[in-house]
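Trainee: using only what follows, build the 3D model:
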Amino acid sequence: MGRIFSTSLAKRGFSLIVHYHQSAELAIQTARILEPTGVPVQLMKADLTREDDIIEFFKEIDQYLLQQDVVLQVMVNSAAIMISTPPKEVTYNAWDTVMNLNSRAPFFLAVNAAKRMVKGGVIINISDVASNKLWTNYSVYIASKSILEVLTRILAKDLAPNIRVNALAPGLVLPQEGMSNKEWQTLVSRLPLQKAVTEKDLAESFLFLLDNESITGQTLVLDGGYSLVT
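Mentor: You can find the predicted model right below:
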């Protein structure tokens, strides 16, 4: 999804900072895909669960903004981790790992980004339709995304009127690693619209939140009707 959002911004002419942690090769591939757009693309590595890394991350961002003679206008928080563990087996470490990346990091990234959005800006948090589900084995993940949506509303109120903050909550986009095509199609067939979310759907919804100046503090659910299924 990060690649889709990056491509959407590049086509609009935005200079890009592409963050990665352990997926260096995927980040490099994304940069190569964006080359035909002609926009500057800078890769930056950071562990967003660490305070020191976030501080250093924004120092690098400040240097980049100065070098490119641009201002920060858009921040997309899409980094996340999903761990499958029944509630009775959740460890303190698993809890902290998920919460620190999925909830705490987007909050501090948004706050730091806002300080640099001197001409106003847009922050888009990537949530999940799961935030309103009760999947027992993904209790911590669901809680983290629910918190993210609450933080989206709080930040939207606090950072208005110059900065808008919204969330995008996709449903079925891609099958989990190891899932067979048959299993995936079975899941998709249960949706009211009987279709997975496409790259085009994601890009259009992302740009809608980017462009519409009357929307803030909202979560746009993009799920083929999955939220209607009990």
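
Trainee: residue nearest the centroid of this protein?
Mentor: residue 78 (1.9 Å; CA atoms, centre = their mean).

Trainee: and the residue lying closest to that residue once chain neighbours are set aside, bridged to which residues?
Mentor: Closest residue to residue 78 apart from its sequence neighbours, by CB to CB, 6 or more residues apart in numbering: residue 126 at 4.1 Å. (C-beta placed from N, C-alpha, C; glycine too.) Assessed by DSSP bridges, residue 126 has beta-bridge partners residue 168.

Trainee: I'd assumed residue 105 was in contact with residue 126.
Mentor: No. Under the criterion of CB atoms under 8 Å, residue 126 is not in contact with residue 105, lying 11.9 Å apart.

Trainee: which residues are in contact with both of these two?
Mentor: Common neighbours of residue 126 and residue 105 are listed as residue 77 (criterion: CB atoms under 8 Å, 6 or more residues apart in numbering).

Trainee: quick check: which element contains residue 112?
Mentor: helix 105-116 (DSSP states H and E).

Trainee: helices and strands around that helix, which ones?
Mentor: Helix 105-116 is packed against helix 51-68, strand 74-77, strand 121-126, helix 139-159, with contacts defined by 3 or more CB pairs under 8 Å, 6 or more residues apart in numbering; DSSP states H and E.

Trainee: and the helix or strand where residue 9 lies, what's buried?
Mentor: In the assignment (DSSP H and E), residue 9 maps to helix 2-11. By neighbour count on 16 or more other CB atoms under 10 Å, the buried set for helix 2-11 is 2, 3, 4, 5, 6, 7, 8, 9, 10.

Trainee: what is the nearest of those residues to residue 208?
Mentor: Residue 208 lies nearest to residue 8 out of the buried residues of helix 2-11, by CB to CB, at 10.7 Å.

Trainee: measure residue 36 to residue 151 for me?
Mentor: Computed as CB to CB, to the nearest Å, the residue 36 to residue 151 distance reads 36 Å.

Trainee: I'd say residue 70 and residue 15 touch.
Mentor: Yes. Applying CB under 8 Å, one finds residue 70 in contact with residue 15, separated by 5.5 Å.

Trainee: can you name the residues that contact residue 183?
Mentor: residue 175.

Trainee: repeat the analysis, applying 10 Å as the threshold.
Mentor: The contact partners of residue 183, by CB atoms under 10 Å, 6 or more residues apart in numbering, come to 175, 176.

Trainee: tell me which element it is part of?
Mentor: helix 181-189.

Trainee: flag every buried residue along the next helix or strand along the chain from that helix.
Mentor: Downstream of helix 181-189, the first helix or strand assigned by DSSP H and E is helix 199-211. For helix 199-211, a neighbour-count test (16+ other CB under 10 Å) marks 201, 202, 203, 205, 206, 209, 210 as buried.
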